[in-house]
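Trainee: Just a sequence and a predicted model for now, questions to come.
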Amino acid sequence: MKFVIMGSGGVGGYFGARLAEAGEDVTFVARGEHLAAMQRDGLRVSSIKGDIYLSSVRATDDPASVGVADCVIVAVKAWQVREAAEAIRPLVGPDNMVLPLENGVEAADILAEVLGAGPVLEGLCGILAWREAPGHIRHAGVDPFVRLGERDSRSSERTARLKAAFDRAHGVNAEIPDDIQVSLWSKFLFICAMSGIGSITRAPIGITRQLPETRAMIEAMLEEIDDVARGLGVAFPDDAVTRAMQFIDAMPADSISSMQRNIMAGEPSELESQNGAVVRLGRAVGVATPTHAMVYAALIPQERAARGEGPGID
């Protein structure tokens, strides 16, 4: 299959490299020093599932130059999804697929608004990875998985074909869940709570899950997300919160989320698409989310400063 990876950081870089390693036709869309390094030296992935070195990769900063793809994987930051959707218009034909691998729950809606509903799938992934240096991805935790499906969870030939491509890749577990919305919100459940607690404490998950005070905050955030999901009609199992807490407890102690990493670096983050989204969606369905509202309020001054929308913070 012909893949285009829109956003070649930790997520896109890892899964794109695995697909290329398996023999798929992969083009990476990147910018700046990362793009230059890939064009010059290829792509290196240091991974707990086995290292990869692709000495030569196709990489560009111009998606329009690639031509129509079988599947475009959107792996940019959540606040960049709309811009990415506009950029990949030339790649999207009537018979191809657009697969978002994002941390939030609204990416597919945004993609469908720009590209039309037809090509857009629902998707999510699990991995602890980041760009270590230009041309170098570090995968440090979590057995990488991809969950994908039609947005209404019906079976289709195209999703089966896409899963088969991921199945051929080493170091990737691919699945088409019975209910993709449950899978999407189950991932959002733990990553949003982890992002929120890490971003306000600046501590890794091994510390915040151990201290009684911060563990209680994590549990409160999980409960609020669970309430919002159910208010939106997501068919969560009764033990969704318990499972999410078990996943958090099993993560490497030094784990931090990409949102926390961005906030600690003074960069724009996914705050609006994570804790902010819980507050906004909760308000829409009449569900109170006081813990997320507190996290959001505590972080929004720095977020706006990072985006150049307010005064700087020393």
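Mentor: Looks like it came in fine.
Trainee: before we move on, which element is Ala140 in?
Mentor: Ala140 belongs to strand 136-149 when assigned by DSSP states H and E.
Trainee: can you pull out the helices in the stretch 101-250 of the chain?
Mentor: With DSSP state H, counting those that start in this stretch, the ranges of helices along the stretch 101-250 of the chain come out as 107-115, 157-167, 180-201, 205-208, 212-231, 240-250.
Trainee: So which bits of the fifth one are buried?
Mentor: Going back to what we said before, that points to helix 212-231. Neighbour counts over helix 212-231 (16 or more other C-beta atoms under 10 Å) mark 214-215, 217-229 as buried. No exception for glycine: its C-beta is placed from N, CA and C like everyone else's.
Trainee: domain assignment for this structure?
Mentor: Following automatic domain parsing, one finds the domains of the chain at 2-178, 181-306.
Trainee: Endpoints of the first one, how far apart?
Mentor: Looking back up the chat, that one is domain 2-178. Criterion C-alpha to C-alpha, to the nearest Å; first-to-last residue distance in domain 2-178 is 26 Å.
Trainee: so how far is it from its chain's centroid?
Mentor: Centroid displacement of domain 2-178 relative to its chain, using C-alpha atoms, centre = their mean, to the nearest Å, is 10 Å.
Trainee: that older thread, the strand holding Ala140 to helix 240-250, inter-axis angle?
Mentor: Inter-element angle recorded for strand 136-149 and helix 240-250: 160 degrees (by axes from the mean of the first three to the mean of the last three C-alpha atoms, to 10 degrees).
Trainee: avg pLDDT for strand 136-149?
Mentor: Strand 136-149 carries an average pLDDT of 94.
Trainee: In it, which residues are buried?
Mentor: Result for strand 136-149 [16+ other C-beta under 10 Å]: buried residues 136-140, 142, 144-149.
Trainee: Give me the helices and strands touching it, please.
Mentor: Applying 3 or more C-beta pairs under 8 Å, 6 or more residues apart in numbering; DSSP states H and E, we find strand 136-149 packed against helix 10-21, strand 43-47, strand 122-133, helix 157-167, strand 173-175, helix 180-201.
Trainee: what about Met38, is that helix, strand or coil?
Mentor: State at Met38, reduced to three classes by DSSP: H, G, I helix; E, B strand; the rest coil: helix.
Trainee: Phi and psi next, for the residue nearest to it when sequence neighbours are not counted.
Mentor: Sequence neighbours aside, Ala59 is the residue nearest to Met38 in space, at 4.2 Å (criterion: C-beta to C-beta, 6 or more residues apart in numbering). With angles defined as degrees, to the nearest 10, Ala59 sits at phi -140, psi 140.
Trainee: Gly171 versus Ala59, what's the distance?
Mentor: Ala59 sits 21 Å away from Gly171, going by C-beta to C-beta, to the nearest Å.
Trainee: For stretch 229-249, measure first residue to last.
Mentor: End-to-end span of stretch 229-249 (C-alpha to C-alpha): 22 Å.
Trainee: What lies in contact with that stretch?
Mentor: With contact meaning C-beta atoms under 8 Å, 6 or more residues apart in numbering, stretch 229-249 is reached by 179, 181-182, 185-186, 189-190, 193-194, 205, 209, 218-219, 222-223, 226, 281-282, 285-287.
Trainee: buried sites along that stretch?
Mentor: Using 16+ other C-beta under 10 Å as the test for burial, stretch 229-249 gives 229, 234, 236, 240-241, 244-245, 247-248.
Trainee: Repeat that for stretch 26-37.
Mentor: Of the residues in stretch 26-37, those buried (16+ other C-beta under 10 Å) are 26-30, 34-35, 37.
Trainee: now swap in stretch 116-134 and tell me
Mentor: Using 16+ other C-beta under 10 Å as the test for burial, stretch 116-134 gives 119-132.
Trainee: try stretch 274-286
Mentor: In terms of neighbour count (16+ other C-beta under 10 Å), stretch 274-286 has its buried residues at 274-282.
Trainee: Could you export those residues as CSV, including distance to Ala17 and secondary structure?
Mentor: Listed next are the buried residues of stretch 274-286 as CSV, based on distance: C-beta to C-beta, whole Å; DSSP: H, G, I helix; E, B strand; the rest coil:
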residue, distance to Ala17, secondary structure
Gln274, 26, coil
Asn275, 31, helix
Gly276, 31, helix
Ala277, 30, helix
Val278, 32, helix
Val279, 36, helix
Arg280, 35, helix
Leu281, 34, helix
Gly282, 38, helix
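Trainee: Report the buried residues of stretch 74-88.
Mentor: 74-81, 84-85, 87-88.
Trainee: what sits against Ala36?
Mentor: Ala36 makes contacts with Pro134, as judged by C-beta under 8 Å, 6+ apart.
Trainee: that older thread, Ala59 and Gly171: which has the busier surroundings?
Mentor: A direct count of neighbours by other C-beta atoms under 10 Å for Ala59 and Gly171 places Ala59 higher, at 23 against 20.
Trainee: got a list of what Glu122 touches?
Mentor: Listed by C-beta under 8 Å, 6+ apart, the contact set of Glu122 reads 100, 108, 148-151, 180-181, 184.
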